[in-house]
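Enquirer: Sequence plus the predicted model coming up.
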Amino acid sequence: MRTDEPLPEVGDVLAALATGLWHWNTATGEVTVDAEAARLLGLPAERARLTEAQVRSRLHPVDWNEITGVVQLAVAEGTLAEVRIRIMDEQGHMVRVVRSRSKPTFDPVHKTYELTGTLQEVAEPTPGTPAGRSAVTGEWRRSREAFLLDAGRALAEARSTTEVLRVAAGLSMPGFSPDGLAVFGVSGDRLTVIGHHGQPQNDMNPFVNMPLDTDYPAAEVVRTGRAVYLSSPEQYRTRYPLTWPLAERYGRRSWAFLPLTVAGRPMGAWMAAFAYPVAFTPDERSVLTTVARMLAQALSRASAAETQRELTDGLQRSMLPVLGPEIPGMGLAARYVPTGGGLQVGGDWYDIIPLPAGRFALVIGDVQGHDVRAAGLMGQLRIALRAYAAEGHRPDAVLARASHFLHGLTSSDEDPGDTRFATCYYAEVDPATGTVESARAGHLDPVVRMADGTALIRATAGGLPLGIDPDSDYPTTRLALEPGDTLMLCTDGLVETGGHDLHSGWDRLRVILEQHDGDLEELADALVQAVHGPSSHHTTGPLADRREDDIALLLLCRQGKGCGCGDSPVIRTPVRRTMLTVAQAEPERIAIAREHLRDLLHDWPSEDQLDASVLLLSEMLTNVLVHTDADALLVAEVTGEPGERRIRVEVTDSGDDLPHKRRPGEMASSGRGLMLVEMLADEWGVAPRGDGKSIWYEVYESTAPEAGLGGGGPDGGPDAA
């Protein structure tokens, strides 16, 4: 065309581009279409003036309703109204999909719209296919933006490669959705398959380990960094004849191969395959390109996170022991769960140390912090504890030496403000007798679940956390495990995680301990699930990250009836027992003793008997602290079957003076303890024990409220407090 020639008519240009022109005035209810627009609507190809009803009969009902909303939004924002419309025939079958673009104007006086726009056919799935039945209504630009926002958010939240692939497989693109996906990676000079969707599990084997110089679209994309779009099988066969037989058997009609680029370097390729022809218009290519970029970033983040998790998890677990061979008569289970944030590495640990004569030591502890330094200190401290135990030291000496070691290790650091400490519980166990001798350095008290399911916190003497004072003392405590008893040791991550304090966290775990009837491994899983599962929020406490701290857990049971690890061949009478030392300098432990006794009698039917037993215990312990210079040792034991049980409470001290009966005056502030014993105990007495004496009483179970409140015993009893 020469510059002096006139431009062709607009109608001729539109006809040459297979684009129809239409005009719609809602005031008159008429729609004017040119010949091309009439053809696209399924009418004779000639200019026509139609009513709204005639036009509406040619459109999908859902699409007609969509047009109103799109027009109103375009008027409000002053933009073009763009919408995809399905054209239907007289039998209700979809003929084609057209795209309408118009510039609407609004008459605020008459509340009418006037629109002039174009119609153009777009390449869409074949009618009758699953993709062809999907909705394609809505304004394309807005649908695309909403899709990309949703896809970006979902990919950003994916934490692993598996999650990224699952999100990619579930993406429903506006107007065209692939039914087959594959993500290719690069290993050296070869192509690998990271994941795929829409093909049988082993059908991607021919594409695995493919050289990058292979005549295959994904390999070309990785080599060149440019996308490859194949709209038909003919294009695929023509461009890639060597690898076409590999793709032919899947029955796809269109393919898009896009580079996955991170920091300017292709890290792989993404294939989206379609079961229907796709023209890959600029809009569609834009969507695919954007998704490929987001997918590349998500895969890069997931790969880095997985590498970090693998590194830190391997570091942490390399420092944790293997439980080793079975211990005759004992069952062991252990768990370690790293924190959910940061490096997922911390200072929690547990250990099982073999000792001479068949004995062994249990260690659990927590070095301050959730970083690599905490893990390093934990490893050094664990080795030191093993060395001190191998030297034959008792629990108190092992912790004293460990505290001195850690203090020297941290105080010599260049940064004096980054000193660390560690809590620790160390116990030596004799499997033959079930005795446990322990020392505690600022750690949580152990928990014992008895054979009948009752769970008690066993108060143990303790000292400062390791590393604070190199000269700290760590007194020892002895307890005995009966057949069927289970000892639980844990770090505070199991108790306080999930927004709980020590009290509410223990209430949550106690339910698990007392109601669980599986073996030791199942019990360990149930306790961890109480933190990481929904049940961690069934009790009071503010919501918080459930994995804000590491968790270390050790379970030790003395095999017998009730532990879940195997029943003892000897049938024994069920026994509950608790022991506690109350020193002269620790009168506050009398309250702990009362709480222990209440826990021991949690299912006692008579509240009066329970209160009476607690009152008598308080009197006896107070009597020792007031009238002697010795410490008091409490042993409380419940024996018998439900309905015929008895509680025996015994307090031993090293005082020489035996208690005797007194009659206090009216104004006396003491001397009435014996009267209480005679009134409230079914049996009671005093037994000399070499260096000292033992004062005891018994109460028999009864459902009658008045029972056990008027019994008497032998003459002589505790000195009235």
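Expert: Happy to help now that I have it.
Enquirer: what about the stretch 551-700 of the chain, any weak spots by pLDDT?
Expert: 561-574, 656-674, 690 (pLDDT under 70).
Enquirer: For it, just list every one of the helices.
Expert: 589-600, 607-627, 673-680 (DSSP state H, counting those that start in this stretch).
Enquirer: Redo those helices as JSON lines? Include mean neighbour count and distance to residue 18.
Expert: Glycine gets a C-beta too; all of them are placed from N, C-alpha and C. Putting the helices of the stretch 551-700 of the chain into JSON lines (neighbours: other Cβ atoms under 10 Å; distance: least, Cβ to Cβ, whole Å) gives the following:
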{"stretch": "helix 589-600", "mean neighbour count": "18", "distance to residue 18": "85"}
{"stretch": "helix 607-627", "mean neighbour count": "20", "distance to residue 18": "91"}
{"stretch": "helix 673-680", "mean neighbour count": "20", "distance to residue 18": "103"}
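Enquirer: Please tabulate those in JSON lines, including the columns distance to residue 13.
Expert: Below are the helices of the stretch 551-700 of the chain laid out as JSON lines (distance: least, Cβ to Cβ, whole Å):
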{"stretch": "helix 589-600", "distance to residue 13": "91"}
{"stretch": "helix 607-627", "distance to residue 13": "97"}
{"stretch": "helix 673-680", "distance to residue 13": "109"}
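Enquirer: closest one to residue 698 among those?
Expert: helix 607-627 (9.5 Å; Cβ to Cβ).
Enquirer: tell me which helix or strand of the chain sits lowest on mean pLDDT?
Expert: Using mean pLDDT, DSSP states H and E, the weakest-scoring helix or strand in the chain turns out to be helix 10-16, at a mean of 69.
Enquirer: could you point out which element follows that helix?
Expert: Using DSSP states H and E, the helix or strand that follows helix 10-16 in sequence is strand 19-25.
Enquirer: what's next to whichever helix or strand comes after that next one, contact-wise?
Expert: Note on strand 19-25: by DSSP H and E, the next helix or strand toward the C-terminus is strand 30-33. Counting contacts by Cβ atoms under 8 Å, 6 or more residues apart in numbering, the residues outside strand 30-33 that touch it are 20-24, 41, 43, 47-52, 54-55.
Enquirer: Which helix or strand lies directly C-terminal to strand 30-33?
Expert: With secondary structure assigned by DSSP H and E, strand 30-33 is succeeded by helix 35-40.
Enquirer: Against which helices or strands is the next helix or strand after that next one packed?
Expert: Proceeding C-terminally, helix 35-40 gives way to strand 48-51 as the next helix or strand, assigned by DSSP H and E. Contact here means 3 or more Cβ pairs under 8 Å, 6 or more residues apart in numbering; DSSP states H and E; on that basis strand 48-51 packs against strand 30-33.
Enquirer: Any buried residues in the longest helix anywhere in the chain, and which?
Expert: For the chain, the helix that runs over the most residues, judged by DSSP state H, is helix 282-318. Across helix 282-318, burial judged by 16 or more other Cβ atoms under 10 Å covers 283-284, 287-288, 290-303, 309, 312, 315-316.
Enquirer: Note down every partner strand of the longest strand seen in the chain and its orientation.
Expert: Criterion DSSP state E: the longest strand present in the chain is strand 94-107. Within its sheet, strand 94-107 is paired with strand 81-88 (antiparallel), strand 112-121 (antiparallel), according to DSSP bridges.
Enquirer: Kindly provide the whole-number mean pLDDT of that strand.
Expert: Confidence for strand 94-107, expressed as mean pLDDT, is 87.
Enquirer: Surely residue 59 is in contact with residue 86?
Expert: Yes - with contact defined as Cβ atoms under 8 Å, residue 59 counts as touching residue 86 (7.0 Å).
Enquirer: Helix, strand or coil: sort out residue 280 for me.
Expert: coil (DSSP: H, G, I helix; E, B strand; the rest coil).
Enquirer: excluding its backbone neighbours, what's nearest it?
Expert: residue 229 (4.4 Å; Cβ to Cβ, 6 or more residues apart in numbering).
Enquirer: hey, what's the one you found bridged with?
Expert: Applying DSSP bridges, one finds that residue 229 bridges with residue 256.
Enquirer: How confident is the prediction for it, by pLDDT?
Expert: 91.
Enquirer: Count the residues that sit near it.
Expert: 18 (other Cβ atoms under 10 Å).
Enquirer: Also residue 49?
Expert: Quick note: residue 49 (other Cβ under 10 Å) scores 11 neighbours.
Enquirer: Same check on residue 263?
Expert: Around residue 263 there are 7 residues (other Cβ under 10 Å).
Enquirer: Quick check: pLDDT value at it.
Expert: 79.
Enquirer: For it, give its distance to residue 189.
Expert: For residue 263, the distance to residue 189 equals 20 Å [Cβ to Cβ, to the nearest Å].
Enquirer: same thing with residue 578?
Expert: 70 Å.
Enquirer: who wins for proximity to residue 372 among the helices of the stretch 551-700 of the chain?
Expert: Nearest of those (Cβ to Cβ): helix 589-600, 38.5 Å.
Enquirer: Packing partners of that closest one?
Expert: Partner elements for helix 589-600 (3+ Cβ pairs under 8 Å, 6+ apart): strand 455-457, strand 575-582, helix 607-627, strand 632-639.
Enquirer: tell me what the second one is packed against?
Expert: Translated: strand 575-582. Using 3+ Cβ pairs under 8 Å, 6+ apart, strand 575-582 sits against strand 476-480, helix 589-600, helix 607-627, strand 632-639.
Enquirer: Mind checking which of residue 578 and residue 189 has more residues around it?
Expert: residue 578 (23 against 8).
Enquirer: So the more buried one is in contact with residue 600, correct?
Expert: Yes - shown here, residue 578 and residue 600 form a contact pair, counting by Cβ under 8 Å, at 5.6 Å.
Enquirer: so what's in contact with the two at the same time?
Expert: In contact with both residue 578 and residue 600: 456, 636, using Cβ under 8 Å, 6+ apart.
Enquirer: Mind checking what secondary structure the nearest residue to residue 83 once chain neighbours are set aside has?
Expert: Leaving aside its sequence neighbours, residue 83 sits nearest to residue 70 (Cβ to Cβ, 6+ apart; 4.8 Å). Classification of residue 70 by three-state DSSP places it in helix.
Enquirer: Would you confirm that residue 70 contacts residue 80?
Expert: No - if you go by Cβ under 8 Å, residue 70 and residue 80 don't touch, sitting 9.8 Å apart.
Enquirer: who has more neighbours, those two?
Expert: Set side by side, residue 70 and residue 80 show more neighbours around residue 70, with 21 against 14, by other Cβ under 10 Å.
Enquirer: What residues does residue 598 make contact with?
Expert: 610, 614.
Enquirer: I'd like the distance between it and residue 697.
Expert: For residue 598, the distance to residue 697 - Cβ to Cβ - is 16 Å.
Enquirer: still on that earlier bit, and the angle from the longest strand of the chain to strand 19-25?
Expert: With axes from the mean of the first three to the mean of the last three Cα atoms, to 10 degrees defining the directions, strand 94-107 sits at 50 degrees from strand 19-25.
Enquirer: could I have strand 94-107 exported to PDB, CA atoms only?
Expert: Extracted C-alpha coordinates of strand 94-107, given in PDB (Å, rounded to 0.1, in the frame of the first residue of the first chain):
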ATOM      1  CA  MET A  94     -21.600 -25.400  22.900                       C
ATOM      2  CA  VAL A  95     -20.500 -24.300  19.500                       C
ATOM      3  CA  ARG A  96     -17.500 -22.100  20.300                       C
ATOM      4  CA  VAL A  97     -16.100 -19.600  22.800                       C
ATOM      5  CA  VAL A  98     -15.800 -16.000  21.900                       C
ATOM      6  CA  ARG A  99     -14.200 -13.100  23.600                       C
ATOM      7  CA  SER A 100     -16.100  -9.800  23.800                       C
ATOM      8  CA  ARG A 101     -14.400  -6.500  24.500                       C
ATOM      9  CA  SER A 102     -16.500  -3.300  24.700                       C
ATOM     10  CA  LYS A 103     -16.400   0.200  26.100                       C
ATOM     11  CA  PRO A 104     -19.700   0.800  28.000                       C
ATOM     12  CA  THR A 105     -21.200   4.100  28.800                       C
ATOM     13  CA  PHE A 106     -23.900   4.700  31.500                       C
ATOM     14  CA  ASP A 107     -26.800   7.200  31.500                       C
END
